[in-house]
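1. output the structure for:
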Amino acid sequence: MPFHVFDKMRSDILLGLINFIKQGRIVTCFPSAPKKMAGTVGFFLARAATFWHCLHLWYVNIGPRQDRIRAQNEFVRESLMKKYGDGALGPGKKA
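-> All right, here's what the predicted structure looks like:
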């Protein structure tokens, strides 16, 4: 489609939205009853707590993962040195 068609579609959508707002038919995102609001807040807090718990677990496990990767790298480096000698690591690389 040519670009002018998209401009027309965008302006039509914008005008429709403006007319909708002028007529006062805006639907709010808030629940209508206090019980529903309490449920929404509770659900949000539960999801936020789950997010922070997972973030904490990720942060706590960074050190052990880094140590494991270093040990694997060292193991591979030693294996290559045993099998191929000094040239196994490439030019300019040192164990």
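2. tell me where this protein has helices.
-> 3-22, 34-60, 62-84 (DSSP state H).
3. now mean pLDDT and mean neighbour count too, for these, in a markdown table please.
-> Heads up, the C-betas are built off the backbone N, CA and C, glycines and all. Formatted as a markdown table, the helices of the chain follow (pLDDT from 0 to 100; neighbours: other CB atoms under 10 Å):
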| stretch | mean pLDDT | mean neighbour count |
| --- | --- | --- |
| helix 3-22 | 65 | 10 |
| helix 34-60 | 90 | 10 |
| helix 62-84 | 90 | 10 |
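4. against residue 76, how distant is residue 54?
-> As judged by CB to CB, to the nearest Å, residue 54 and residue 76 stand 31 Å apart.
5. same check, this time on residue 62
-> Applying CB to CB to residue 62 and residue 76 gives a distance of 21 Å.
6. next: residue 69.
-> Taking CB to CB, one finds residue 69 at 11 Å from residue 76.
7. OK, contacts around residue 42?
-> Residues counted as contacts of residue 42 (CB atoms under 8 Å, 6 or more residues apart in numbering): none.
8. for it, give its distance to residue 62.
-> For residue 42, the distance to residue 62 equals 31 Å [CB to CB].
9. and if you look at residue 15?
-> To residue 62, residue 15 is 52 Å away according to CB to CB.
10. same check, this time on residue 54
-> For residue 54, the distance to residue 62 - CB to CB - is 13 Å.
11. what do you get for residue 83?
-> 32 Å.
12. now residue 78
-> Distance from residue 78 to residue 62, by CB to CB: 25 Å.
13. repeat for residue 34
-> Applying CB to CB to residue 34 and residue 62 gives a distance of 42 Å.
14. likewise for residue 77?
-> From residue 77 to residue 62 the distance is 22 Å (CB to CB).
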